[in-house]
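*Asks:* 3D, please:
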Amino acid sequence: MPTDNTLGKFSVDVVGKAHELLDQERVMPDPEFVNIWWVTSSDGEHTYRVQSDYSARNNTLSWITCTCPHGLNQGGGTTRCYHAAAVLIKIRRGREGWVGEAADA
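*Replies:* Modelled structure (predicted):
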């Protein structure tokens, strides 16, 4: 899974909002592609696509993007929006695979 310092690249406020999305079950994996997630905005009016280059084999995350306005303004797969943070937390919770609700590391 992403290393523990991956979430350190997000502000405390962003991580807090990410946890709210997870608590409201607004983060869903794509049924076909394991590297795509669908995240509903906190107001429930928009759904954003978060895509990451996560390698289960190597336990690495090379990049992550989001289609939200903040995510689209970040270049090079370095988005720091709360949608991307929520996906990273979800990945970390699923240490046995992409799906699961184990405690955060």
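*Asks:* for L61, phi and psi?
*Replies:* Backbone torsions for L61, taken as degrees, to the nearest 10, come to phi -120, psi 110.
*Asks:* run a quick neighbour tally on it.
*Replies:* When counting by other C-beta atoms under 10 Å, one arrives at 17 neighbours for L61. Using the backbone N, CA and C atoms, a C-beta is placed for each residue, glycine as well.
*Asks:* hang on, isn't it packed against R92?
*Replies:* No - using C-beta atoms under 8 Å, L61 is not in contact with R92; the gap is 10.2 Å.
*Asks:* count of residues packed around P31?
*Replies:* Neighbours around P31, by other C-beta under 10 Å: 7.
*Asks:* again with D43
*Replies:* Counted with other C-beta under 10 Å, D43 comes out at 6.
*Asks:* that one and A86, how far apart?
*Replies:* Distance, D43 to A86, using C-beta to C-beta, to the nearest Å: 15 Å.
*Asks:* neighbouring strands for the longest strand belonging to the chain, and are they parallel or not?
*Replies:* If you go by DSSP state E, the chain has its longest strand at strand 47-55. Applying DSSP bridges to the sheet, strand 47-55 is found paired with strand 36-40 (antiparallel), strand 60-66 (antiparallel).
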